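>>> Fold the following.
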Amino acid sequence: MTDTRPGDPYRLGATWDGHGTNFAVYSSAGAYGGHVTLCLLDEDGHESRLAMSADCDIWHLYVPGVGPGRRYGFRATGPHDPGRGLLFSPGTLLLDPYARIMRPLGPRTAACLVADTAFDWGDDRGPGTHWSRTVLYETHVKGISATHPGVPPALRGTYAGLAHPAVLGHLTDLGVTAVELLPVHQHLSEPSLLARGLTNYWGYSTIGFFAPHAAYSASGDRGGQITEFKRMVAALHAAGIEVILDVVYNHTAEGGPADPALSFRGLANETYYRLDPADRSRYIDTTGTRNTLDVGRPEVLRLILDSLRYWVTEMHVDGFRFDLAATLARQYGYVDRLAAFFHLLHQDPVLNRTKLIAEPWDVGAPDSYQVGRFPAGWAEWNDRCRDTLRDFWRGRPAVADLARRLTGSADLYAVGRRGPDASVNFVTCHDGKTLTDLVTYERKYNHANGEDNRDGTNDDRAANHGVEGPTDDPAVTALRERQRRNLLATLLLSQGVTMLCGGDEIGRTQGGNNNAYCQDNATSWYDWKSARPELTAFVRRVVALQRDHPALRRRTFLTGAGEPPGLPDIAWFDHEGRPMTTGRWEDPSTRFLGFLLAGDRVDPLTPEGAPQRDDDILVLLNAGDDPAEFTVPGRPGAVYRVVVDTTAPDGAPAAGAGAKTGDRCVVPARTVLVATAPLPAAEGVTEGFTALFPADGG
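You can find the predicted model right below:
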């Protein structure tokens, strides 16, 4: 290969142009008298080593005749001096941080391959769903189809499996508008897990920020994973579903400083990772993974931004959920809302149009918890909503905080001039118990993880409703099923962006494991054979309710304001139908909350600028053990029809269920009722309604 020539330092990674490949990689080796060598490997493993030249620490080389499928890596020489934070490892073939293909060779080894990323996208465009209409569905690429009987066995657990009509049909039938995929960047399992015969199923252990995880490909690991991923995105888009990636830019799979170099550590350890100033042989760890990327360095910021742009421009994804996002704001060690990371995203013409979701915390620092403190343009996982909904339905004093969560958490987001859609509301997610387990197990059962049940939270805010674990008691079973519906209904009735945890809609269980990150087996995979169709139908009903009523998906906060003779935008009621008082709000025994949303005080325009009105919507939440006799509030003569009733397995109300303003009705214990009244009230529709519920209805 004597005709090699200097490459283009601005195109990091391996870029094939049809005639040859440009290689470029960042390394600080030159600052310490070292150099970087490009290593090309033949099919028989023979390694050819080619010297690279450097411009501003970018080492580059153009090699004619090298094309897609060729294996390559780098070797960087330099001092191995842990006390100075230098961990060069010239004996190690290092992975390219910008590799588009990483082919696994073993549990902790992989090979970089030159990629051909050409793909005919046709007229593919993302749905561009407005935040106020977004319903997120968090899922694992493998788990959702691994046992699906409608997916061909060869496609189960893959990108193609997720894109299969049997899975797409389920998602569109539910009414979700976006999938939020657990990490799909190439990842490796930790040595401690491998020693226990386990793997990192969730994938929060990234080694390749540009490479789709090869194990999720039914098309091979030599580039087929790229094409298959793109086909998946195109199929989801065609079904009207956006693709959000859960991304891990806060740490890498390299582990602690004593672990072998795989990529970043051998190229520029002191650049990529946050070193302890008191002992540069150690890392500062705000991720709980034994290393933390240093987002205060321009080289690291470039890596992150280049990766994000690649997934938007080349892979057509629609947004990102940032794992432990507080770490990305630690430009100077502390969390800073003015960090360069936020500025760069805000001004980037590609990325500032995408959906950006923060997991607004990290670990191990006094300022780790940052809920409500991210900048404009960001949405956040709102764990305050999660905890409050769980507390209310397990009978804890939570009614005042419940009102805040139901109205979009203005206490958290209004100060930053954001709206309700800054709050991503959820009651369960991948990290914790499933919804079924939340109402079945008060304790955790993580023994299969091999950590003596020490891992996972000890406070799920769970309730077993009288029996720990599965039971044949019909009363306990019925209550658990109703509580699942109550939690889901309250979630979807809350202002903000709803996130459903995939599998909850079919009754998925993990047997009480609340940290199933290493369970790549039936514990984590969806059990489609045991799916509960009535629960799925219930989720479909409440998602449709939210979709059809702009009063439930406002873009501005409710204020309680309104001028007679009309209604305020929201009014609150106690268990008797009287306006809530300070005493009721502060009474720790309060287990009932009703509210009425005025249909003529919704956001006056749709996101597209069309005028909009809605029905009045009455919501009654009774978490108590006793029925409540309630006087129906509202406009004079208003006629309400019940549209959701959580006493029914699918949420469908009894035929003719409804009431008029002023009627006395019974709200059963442990129940959510939703009723709507049109604007203006339909003339002549005043008779023929049964009471909301008879006195023995609960």
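
>>> in the stretch 1-150 of the chain, which spans are helices?
141-145 (DSSP state H, counting those that start in this stretch).

>>> Ok, the stretch 301-450 of the chain next?
Using DSSP H, counting those that start in this stretch, helices in the stretch 301-450 of the chain cover 340-347, 383-393, 399-406, 410-413, 435-438.

>>> How far does the second one sit from its chain's centre?
Pointing back at helix 383-393 there. 18 Å (Cα atoms, centre = their mean, to the nearest Å).

>>> From the contact counts, what lies against it?
helix 399-406, strand 423-425, helix 474-492 (3 or more Cβ pairs under 8 Å, 6 or more residues apart in numbering; DSSP states H and E). Quick note: C-beta positions are derived from backbone N, CA and C, even for glycine.

>>> For residue 150, which of the ones you listed is the nearest?
helix 474-492 (24.1 Å; Cβ to Cβ).

>>> quick one: buried residues of the closest one?
Using 16 or more other Cβ atoms under 10 Å as the test for burial, helix 474-492 gives 476, 479-492.

>>> do the same with stretch 224-234
So, applying 16+ other Cβ under 10 Å, buried residues of stretch 224-234: 224-230, 232-234.

>>> ok, now stretch 58-74?
For stretch 58-74, by 16+ other Cβ under 10 Å, it's 58-63, 66-68, 70-74.

>>> Point out the most buried one among the helices of the stretch 301-450 of the chain.
Mean neighbours per residue, mean count of other Cβ atoms under 10 Å, is largest over these for helix 435-438, with a mean of 25.

>>> what mean pLDDT does that one have?
Averaging pLDDT along helix 435-438 gives 98.

>>> Quick one: the helices and strands packed on helix 383-393 as a markdown table, columns for mean pLDDT and distance to residue 324 too.
Listed next are the helices and strands packed on helix 383-393 as a markdown table, based on pLDDT from 0 to 100; distance: least, Cβ to Cβ, whole Å:
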| stretch | mean pLDDT | distance to residue 324 |
| --- | --- | --- |
| helix 399-406 | 98 | 23 |
| strand 423-425 | 98 | 15 |
| helix 474-492 | 98 | 24 |
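
>>> Residue 416: which of the ones you listed is closest?
Nearest to residue 416, of these and by Cβ to Cβ, is strand 423-425 at 11.5 Å.

>>> for that closest one, packing partners?
Checked by 3+ Cβ pairs under 8 Å, 6+ apart, strand 423-425 has strand 379-382, helix 383-393, strand 497-501 packed alongside it.

>>> Dump the C-alpha coordinates for the longest one into PDB.
This points to helix 383-393. Listed next in PDB are the C-alpha coordinates belonging to helix 383-393 (Å, rounded to 0.1, in the frame of the first residue of the first chain):
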ATOM      1  CA  ASP A 383     -40.100  11.100  38.800                       C
ATOM      2  CA  ARG A 384     -42.000  13.400  41.100                       C
ATOM      3  CA  CYS A 385     -45.100  12.400  39.000                       C
ATOM      4  CA  ARG A 386     -44.200   8.700  39.200                       C
ATOM      5  CA  ASP A 387     -43.800   8.800  43.000                       C
ATOM      6  CA  THR A 388     -47.000  10.900  43.600                       C
ATOM      7  CA  LEU A 389     -49.200   8.700  41.500                       C
ATOM      8  CA  ARG A 390     -47.900   5.600  43.300                       C
ATOM      9  CA  ASP A 391     -48.400   7.100  46.700                       C
ATOM     10  CA  PHE A 392     -51.900   8.300  46.000                       C
ATOM     11  CA  TRP A 393     -53.200   5.000  44.900                       C
END
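
>>> Give me the contacts around it.
371, 397-399, 401-402, 404-405, 409, 412, 423, 425-429, 438, 460-463, 483, 486-487, 490-491, 494, 496, 591, 621, 623, 670 (Cβ atoms under 8 Å, 6 or more residues apart in numbering).

>>> got any ranges where the stretch 201-350 of the chain has weak pLDDT?
Low-confidence regions of the stretch 201-350 of the chain, defined here as pLDDT under 70, do not occur.

>>> got the residue ranges for the strands in it?
Taking DSSP state E, counting those that start in this stretch, the strands of the stretch 201-350 of the chain run over residues 206-212, 242-247, 275-276, 279-283, 319-322.

>>> Any chance of TSV for those strands, columns mean neighbour count and distance to residue 617?
Listed next are the strands of the stretch 201-350 of the chain as TSV, based on neighbours: other Cβ atoms under 10 Å; distance: least, Cβ to Cβ, whole Å:
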stretch	mean neighbour count	distance to residue 617
strand 206-212	25	43
strand 242-247	24	27
strand 275-276	16	55
strand 279-283	17	52
strand 319-322	25	29
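
>>> closest one to residue 43 among those strands?
Short answer: strand 206-212, nearest of those by Cβ to Cβ, at 20.4 Å.

>>> Give me the helices and strands touching that closest one, please.
Secondary elements touching strand 206-212 (3+ Cβ pairs under 8 Å, 6+ apart): strand 101-106, strand 185-187, helix 224-238, helix 298-313.

>>> what do you get if the cut-off is 10 Å, keeping everything else the same?
strand 101-106, strand 109-113, strand 185-187, helix 224-238, strand 242-247, helix 298-313 (3 or more Cβ pairs under 10 Å, 6 or more residues apart in numbering; DSSP states H and E).

>>> Distance to residue 360 for the helices and strands packed on helix 383-393 - can I get that in CSV?
Formatted as CSV, the helices and strands packed on helix 383-393 follow (distance: least, Cβ to Cβ, whole Å):
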stretch, distance to residue 360
helix 399-406, 16
strand 423-425, 10
helix 474-492, 19
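
>>> Nearest to residue 510, out of the ones you listed?
Per Cβ to Cβ, nearest to residue 510 of those: helix 474-492, 14.7 Å.

>>> any low-confidence regions in the chain?
Short version for the chain, where the test is pLDDT under 70: 1-2, 564, 681-698.

>>> mind putting the buried residues of stretch 224-234 in a markdown table, distance to residue 443 included?
Output for the buried residues of stretch 224-234, formatted as a markdown table (distance: Cβ to Cβ, whole Å):
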| residue | distance to residue 443 |
| --- | --- |
| 224 | 44 |
| 225 | 40 |
| 226 | 44 |
| 227 | 45 |
| 228 | 41 |
| 229 | 39 |
| 230 | 44 |
| 232 | 38 |
| 233 | 40 |
| 234 | 44 |
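
>>> Which member of those is positioned nearest residue 164?
Closest to residue 164, out of all of the buried residues of stretch 224-234 and judged by Cβ to Cβ, is residue 232, at 9.5 Å.

>>> tell me the contacts of that closest one?
Residue 232 is in contact with 141, 158-164, 168, 179, 181, 184, 212, 216, 243, 315, counting by Cβ atoms under 10 Å, 6 or more residues apart in numbering.

>>> what bridges to residue 186?
residue 208 (DSSP bridges).

>>> and it, how many neighbours does it have?
30 (other Cβ atoms under 10 Å).

>>> Quick check: it touching residue 213?
Yes - counting by Cβ atoms under 10 Å, residue 186 does reach residue 213; the two are 5.2 Å apart.

>>> which neighbours do those two share?
Shared contacts of residue 186 and residue 213, counting by Cβ under 10 Å, 6+ apart, come down to 102, 104, 203, 206-207, 221, 225.

>>> Same list (the residues you listed) but as a markdown table, adding distance to residue 525.
Listed next are these as a markdown table, based on distance: Cβ to Cβ, whole Å:
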| residue | distance to residue 525 |
| --- | --- |
| 102 | 24 |
| 104 | 21 |
| 203 | 15 |
| 206 | 22 |
| 207 | 24 |
| 221 | 21 |
| 225 | 20 |
